[in-house]
Structures are given as C-alpha cells and as structure tokens.
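Student: Everything below, folded, please.
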Amino acid sequence: MIRAKPGERTFGRMALAAICAASCLVSAAAQAQKMPANFVYLRDVDPTIIQDIRYAGSNNFVGRPLRGYEAAECVVKREVGALLKSVQEELALQNLSLKMFDCYRPTRAAADMVAWSRDGKETPAQKRYNPAFSKADLFRLGYIAERSGHSTGAALDLTLVDLKADNSATFDPSKDYGNCIANVDLRAPDGSVDMGTGYDCSDVKSHTSAKSITAAQRRWRERLVMVMARRGFVNYSKEWWHFSLPGVGGQAYDFPITPRK
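Tutor: Next up is the predicted model:
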C-alpha cells in the first residue's frame, strides 16, 4: 500500500470537501428548479376555468398532498393553456365550464404515487378509490405509472361543471362517503356533472366507453371527449377525465408547483 504524505492527505481532504460542496450546490439547484418559460399558470390564461387541484390537499386517493404540490394551481404549457381557453369559451355559451383536477405534475409526485401503491397499507378512505381490487394492483393494471405524461405539461385531468346547477357541496374529510362507483348522492362531492364515477376512480366503470353507466352519464362523457377532441386532445380510454395533447410532451420536469406571484 502506498501511503500519502501529510501534505497530500491535507490536499485530499480539501479536494473531497470541495467535491462535497459542489455536490450540495447541485442538489440545492435541483431543489430550487424554477418553472420554465414555456409553462404558465392556467389562472393567468383564463381565470374563469374552475380549479380543484386534488393532489395539493387531502381529497385524493393518497389522502394527503403529494410531493411537489406547494400550491393548488394548474400549471400547463402555453399552447395547452391557449387551447383550454378556447374550450372554455365554447362551453361558456352552453352555461358549462371546465374544472381542472390535475395539470402539470412534478416527477417527484409521480414517484410519491408509486411508493404509496407499494407500501402495503390501505385505509378504508383510500379503498373508496379502488373498490374492486387492492391498491397493489394499480401499477400492474395501468392506473399508476412510473412515468406520467402530466410531468411534461401536456396531460390534464378534468371534467365539466353545469353552471346552472347547485355545486355548493364540499368535501368533508371526516365523512364516510360511498366508494367512487356508488350513486352520485353517496360519493364524495365533485361539484361537477355526474360522469358515472368520481375522479381518480380505478375501476372498469371509469373506462370512457364503460357499458355500466346510464345514458345521461354517457352523454356527458361524450360531450367532454368531443369538445376536447376539437382542439386535438386525446382521451385515455381507462380514465374518462384524462386527456393529453400529442406532440407537446417531451421532457419530464420536476419543478415544484408554487403559489402565483
């Protein structure tokens, strides 16, 4: 073994310290990542679009805010925001509105979902979102993925709101609601039209073309798909609420969703 001289040992310690310091700076920079210039707050594009960003609170299948959601704000790529504004303008003529459940999703939040699905624990409140099977099956069945289109800023979760209806009912975390495929009067309130299931319901009834929904629920789903398709958005067949814009995705991001300034 070749031993270092005293001076060389001191230099080695200094070099190691410098490397550690540089590594810490890189880590801090990653944590401080800012929203890229091609992303916008949807509220700045069209403040009339209703927002109920579920992963910023406890009204979701995990039961707590997901990592990276520091504010309940819909963030999207600029071109996506412009198209949503166009959708909203058409819906306004029919006394309807879009309601956003999720938009851009930091990659750390997607990883948070995967870790949750594999932690071996499941509360009755969480079970409401996947009544037919265990949450451990969500990954295998395609309801949770390691890589999400949401992280590119080109995927959205949304629904329709009838502005003439009474949408005043709010979520009560202490209430024992029915599961996500129960009758609308028993489910946790969404403040939106009845699409046949609640949002984030991992069940075959959530498949856009499910046969087990009523004619009225099917018409609402078809209406949503149609108005989004006219702007180029494509629906995910297993989730009536999920839409993406082909060609706009690309890189996945991990900047946190912070309050608007």
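Student: Look up which residues are beta-bridged to the residue most central in space within the chain.
Tutor: Nearest to the mean C-alpha position of the chain, by Cα atoms, centre = their mean, lies D102 at 3.6 Å. Beta-bridge partners for D102, by DSSP bridges, are D157.
Student: ranges for the strands of the stretch 101-250 of the chain?
Tutor: 155-162, 234-236, 239-244 (DSSP state E, counting those that start in this stretch).
Student: wait, which of these is closest to F139?
Tutor: strand 239-244 (14.9 Å; Cβ to Cβ). Placement of C-beta: from N, CA and C, glycine included.
Student: Distance from that closest one to the middle of the chain?
Tutor: What separates the centre of strand 239-244 from the centre of its chain is 11 Å, taken as Cα atoms, centre = their mean, to the nearest Å.
Student: Same check on stretch 223-240?
Tutor: On Cα atoms, centre = their mean, the centre of stretch 223-240 falls 16 Å from the chain's centre.
Student: Give me the buried positions along it.
Tutor: L224, V225, V227, M228, R231, F233, N235, Y236, K238, E239, W240 (16 or more other Cβ atoms under 10 Å).
Student: Now do the contacts for the third one.
Tutor: The neighbourhood of V227, defined by Cβ atoms under 8 Å, 6 or more residues apart in numbering, consists of V87, E90, L91.
Student: Apply the buried test to these and list what passes.
Tutor: V87, L91.
Student: Now do the contacts for R108.
Tutor: R67, G68, D254.
Student: In TSV: these, plus neighbour count, distance to S97 and secondary structure.
Tutor: Compiled in TSV, the contacts of R108 are given as follows (neighbours: other Cβ atoms under 10 Å; distance: Cβ to Cβ, whole Å; DSSP: H, G, I helix; E, B strand; the rest coil):
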residue	neighbour count	distance to S97	secondary structure
R67	18	29	coil
G68	23	26	coil
D254	17	30	coil
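Student: Just the ones of the contacts of V227 in helices?
Tutor: V87, E90, L91 (DSSP state H).
Student: Please identify the buried residues of stretch 69-83?
Tutor: So for stretch 69-83, counting by 16+ other Cβ under 10 Å, buried means Y69, E73, C74, V75, V76, K77, E79, V80, G81, L83.
Student: Restrict the helix or strand containing the last one to CA atoms and write it as PDB.
Tutor: It refers to L83. Assigned by DSSP states H and E, L83 falls within helix 78-92. Output in PDB follows, covering the C-alpha atoms of helix 78-92 (Å, rounded to 0.1, in the frame of the first residue of the first chain):
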ATOM      1  CA  ARG A  78     -48.500  27.700 -23.000                       C
ATOM      2  CA  GLU A  79     -50.100  26.100 -26.100                       C
ATOM      3  CA  VAL A  80     -52.100  23.800 -23.800                       C
ATOM      4  CA  GLY A  81     -53.400  26.800 -21.900                       C
ATOM      5  CA  ALA A  82     -54.400  28.600 -25.100                       C
ATOM      6  CA  LEU A  83     -56.400  25.600 -26.200                       C
ATOM      7  CA  LEU A  84     -58.100  25.200 -22.900                       C
ATOM      8  CA  LYS A  85     -59.200  28.800 -23.100                       C
ATOM      9  CA  SER A  86     -60.700  28.000 -26.500                       C
ATOM     10  CA  VAL A  87     -62.600  25.100 -25.000                       C
ATOM     11  CA  GLN A  88     -63.800  27.200 -22.100                       C
ATOM     12  CA  GLU A  89     -65.100  29.900 -24.500                       C
ATOM     13  CA  GLU A  90     -67.200  27.300 -26.300                       C
ATOM     14  CA  LEU A  91     -68.500  25.800 -23.100                       C
ATOM     15  CA  ALA A  92     -69.500  29.200 -21.700                       C
END
